[in-house]
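Engineer: how would this look folded up:
(one chain, ligands or ions: 1)
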Amino acid sequence: MTNQAQAIRASEFGALLIDGKMIAADVIQEVAAGAAELIKAGTRPGLAVVLVGENPASQVYVRSKGKSAEACGFHSVQHTMPTTITEDALVALIEQLNADPAIHGILVQLPLPDHINATRVLETIVPQKDVDGFHPINAGLLAIGDAARALVPCTPAGSMILLERAAKVLGLKLAGMNAVVVGRSNIVGKPMAQLLLAQSCTVTIAHSRTRDLAEVVGRADIVVAAVGRPEMVLGEWIKPGALVIDVGINRVSAPGLDVKGQPKTRLVGDVAFESAVRRAAAITPVPGGVGPMTIAMLMSNTLRAARRSVGL
Ligand code: GUN
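Structural biologist: So this is what the prediction gives:
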């Protein structure tokens with residue numbers, strides 16, 4: 001286990017920088033140890049990742065999911081299907097994986113091509129193997145406060161671990177805090193709100209139609225930004241001493257050309273980091289904050305699904 005002070009570094013402004021890379025490495029180490037134990041008992045956790053088409057970002061994500069699965073000692077398979085695959089053929093592949101006893105987790109990388117109904121595909125995955133936590137049964141379990149039985153979506157689950165670590169280092173209790181989640185997606189915003197509610201936070205979900213977002217964010221002890229819009233949450237909005245979790249990963253143009261003569265780009269979050277770090281008590285950087293936790297939690301969900309499959 002990484003020491004807390006190392007995993008959460010103080011910035012020159014006094015805010016704690018929450019090092020998701022280091023905390024994710026801890027999670028992966030714990031999952032690998034858990035997997036080794038399960039393997040000794042006769043079950044190797046198995047993860048199947050399904051990629052449709054050639055979206056370059058999806059290819060990168062899928063490759064790193066496979067690598068992490070191998071680092072954890074899992075049985076790892078990737079099914080790469082052409083963009084032209086029919087919805088029925090994709091559903092048939094998932095049904096085959098549902099029935100495969102060597103596979104405990106199934107992940108269909110999103111987005112899917114327009115001719116495929118993603119809802120039908122995701123709902124074909126049996127809830128016990130739904131390591132993305134997108135199936136209505138898992139969403140429903142989380143909504144009724146039964147996160148222990150649900151498989152929880154990876155990005156909010158990872159964000160929650162970062163938040164809990166930061167609160168612990170700062171000697172704060174999450175219960176009773178005002179939490180504002182900016183973004184209402186089924187993948188991040190809504191499940192994040194459920195997890196915060198389960199920790200007894202007073203939760204507000206803000207979105208594109210929210211009036212006076214600056215004022216709403218300004219009341220928050222916890223801000224979770226998950227809108228996918230570069231630096232839209234301004235540092236001036238942040239209440240001094242707030243905990244800030246930035247889920248956004250946005251590629252924007254940067255000055256100059258790269259080694260290939262192409263215009264340079266850089267990654268930024270949904271929060272204007274340079275100004276927010278001066279006000280927050282703790283903040284996640286982009287990159288290196290929430291991003292690495294998403295894959296770590298996918299591994300954790302796969303181990304959980306495998307353990308449950310043998311009644312543990
Ligand atoms: N595409 C972008 N994020 C995700 C995710 O969390 N899960 C899946 N399956 N696809 C994604």
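Engineer: hmm, residue 92 and residue 124 touching each other?
Structural biologist: No. With contact defined as CB atoms under 8 Å, residue 124 does not count as touching residue 92 (9.2 Å). (Glycine included, C-beta is placed from N, CA and C.)
Engineer: the more surrounded of those two?
Structural biologist: Taking other CB atoms under 10 Å, residue 124 and residue 92 do not tie; residue 124 has more neighbours (20 against 13).
Engineer: mind checking pLDDT for the closest residue to the ligand within the chain?
Structural biologist: Relative to the ligand, the nearest point of the chain is residue 110 (3.6 Å; CB to the nearest ligand atom). Reading off the confidence values, residue 110 has pLDDT 96.
Engineer: which residues in the stretch 51-200 of the chain form helices?
Structural biologist: Secondary structure of the stretch 51-200 of the chain (DSSP state H, counting those that start in this stretch): helices at 56-71, 87-99, 118-124, 136-143, 154-170, 189-198.
Engineer: buried residues, the first one. List them.
Structural biologist: Okay, so that is helix 56-71. For helix 56-71, a neighbour-count test (16 or more other CB atoms under 10 Å) marks 58, 61-62, 65-66, 68-69, 71 as buried.
Engineer: before we move on, the earlier item: count of neighbours near the closest residue to the residue of the chain closest to the ligand other than its chain neighbours?
Structural biologist: Residue nearest to residue 110 in three dimensions, not counting chain neighbours: residue 118, with 6.5 Å by CB to CB, 6 or more residues apart in numbering. Other residues lying near residue 118 total 16 when counted by other CB under 10 Å.
Engineer: picking that back up, is it possible to export the buried residues of helix 56-71 to a markdown table including distance to residue 105?
Structural biologist: Formatted as a markdown table, these follow (distance: CB to CB, whole Å):
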| residue | distance to residue 105 |
| --- | --- |
| 58 | 18 |
| 61 | 15 |
| 62 | 14 |
| 65 | 10 |
| 66 | 12 |
| 68 | 12 |
| 69 | 9 |
| 71 | 15 |
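Engineer: in CSV, list those residues along with distance to the ligand.
Structural biologist: What follows is the buried residues of helix 56-71, written out as CSV (distance: CB to the nearest ligand atom, whole Å):
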residue, distance to the ligand
58, 7
61, 6
62, 9
65, 9
66, 13
68, 13
69, 14
71, 19
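Engineer: residue 159 against residue 247, yeah?
Structural biologist: Yes. Contact status for residue 159 versus residue 247: in contact at 6.3 Å, counting by CB under 8 Å.
Engineer: name the residues contacting each of these two.
Structural biologist: Shared contacts of residue 159 and residue 247 (CB atoms under 8 Å, 6 or more residues apart in numbering): 188, 192, 224, 290.
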